[in-house]
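Undergrad: with the sequence up front, the predicted model follows.
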Amino acid sequence: MRSLLVTGLLLATFSGCAPTPPWTEPLGPPVTIFHDNPMLLPIADPQQAWETVVDVVDDYFAIEREEPVRLVGDTPTEGRLDTYPKVAATIFEPWGLDSAGPQARVESTLQSIRRRAAVRVVPAEGGYWVDVAVFKELEDVRRPEFATAGAATFRYDASLTRVVNPVGEQEINAGWIPQGRDVALEQRILGHLLARSGQLAVPIFPFRP
């Protein structure tokens, strides 16, 4: 009788009758959205708003170029900053902030992942709209690291790759496969901005892993 009961439970589990835990889904559990993106940063002073954005983004990425918010007469202009691509922090680098959550940290440990950010600061009534876009890329290696095929084997994967009128806002970089937006890290940066500007007394999620 006991063996029949155990067999029935196993059949129910593997036949799809039992609920599937969220961590077994292909894309993992959904990311909770705490902040709108773009998000209104309620800082009226343009220099203070820009310095706050730069100070926060610099905690995650090295900044490549800046176009600060400026006042032209009485009209503030739009600001933008772009960062260098950064290889994602692994489980052996707990000080890195660019891997948002344990799932992203494990993924970055098992694969070569890098991220970069593009941030727009747009003038608005009572502050500035901050649009944070973080792009994730997977390294496109020619063959597995421990492949058994010899290096002298005839190669068929070195043909010319040409992208004509690519669709989407993520750039195509040689050797890297676009993986879309990293919403979890975008949310972390937006929450960090609100906390740095004094709008959140207690951060919704920790900035440190």
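TA: That came in fine, so what should we check first? Residues are numbered from 1 along each chain as shown.

Undergrad: how about the one helix or strand residue 54 maps to: buried residues?
TA: Using DSSP states H and E, the element containing residue 54 is helix 46-57. By neighbour count with 16 or more other Cβ atoms under 10 Å, helix 46-57 contains the buried residues 46, 49, 50, 52, 53, 54, 56, 57. To be clear about C-beta, it is placed using only N, CA and C from the backbone, and glycine gets the same treatment.

Undergrad: you'd agree the fifth one is up against residue 194?
TA: No: proximity of residue 53 to residue 194 does not meet the contact threshold set by Cβ atoms under 8 Å, at 11.7 Å.

Undergrad: find residues that contact each of the two.
TA: residue 41 (Cβ atoms under 8 Å, 6 or more residues apart in numbering).

Undergrad: which residues in the protein form strands?
TA: Ranges of strands within the chain are 39-41, 63-67, 71-72, 75-76, 79-83, 86-87, 113-124, 127-139, 176-181, based on DSSP state E.

Undergrad: could I get the ones you listed as JSON lines with distance to residue 99 and mean neighbour count?
TA: Listed next are those as JSON lines, based on distance: least, Cβ to Cβ, whole Å; neighbours: other Cβ atoms under 10 Å:
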{"stretch": "strand 39-41", "distance to residue 99": "22", "mean neighbour count": "21"}
{"stretch": "strand 63-67", "distance to residue 99": "19", "mean neighbour count": "13"}
{"stretch": "strand 71-72", "distance to residue 99": "37", "mean neighbour count": "9"}
{"stretch": "strand 75-76", "distance to residue 99": "34", "mean neighbour count": "14"}
{"stretch": "strand 79-83", "distance to residue 99": "15", "mean neighbour count": "19"}
{"stretch": "strand 86-87", "distance to residue 99": "10", "mean neighbour count": "15"}
{"stretch": "strand 113-124", "distance to residue 99": "8", "mean neighbour count": "21"}
{"stretch": "strand 127-139", "distance to residue 99": "10", "mean neighbour count": "20"}
{"stretch": "strand 176-181", "distance to residue 99": "13", "mean neighbour count": "15"}
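
Undergrad: how about low-confidence regions in this structure?
TA: 1-33, 142-173, 199-209 (pLDDT under 70).

Undergrad: any idea how many residues pack against residue 112?
TA: Around residue 112 sit 14 other residues, with neighbours defined as other Cβ atoms under 10 Å.

Undergrad: residue contacts, the residue lying closest to it once chain neighbours are set aside?
TA: Closest residue to residue 112 apart from its sequence neighbours, by Cβ to Cβ, 6 or more residues apart in numbering: residue 139 at 3.6 Å. Applying Cβ under 8 Å, 6+ apart to residue 139 gives the contacts 111, 112, 113, 114, 175, 176, 177.
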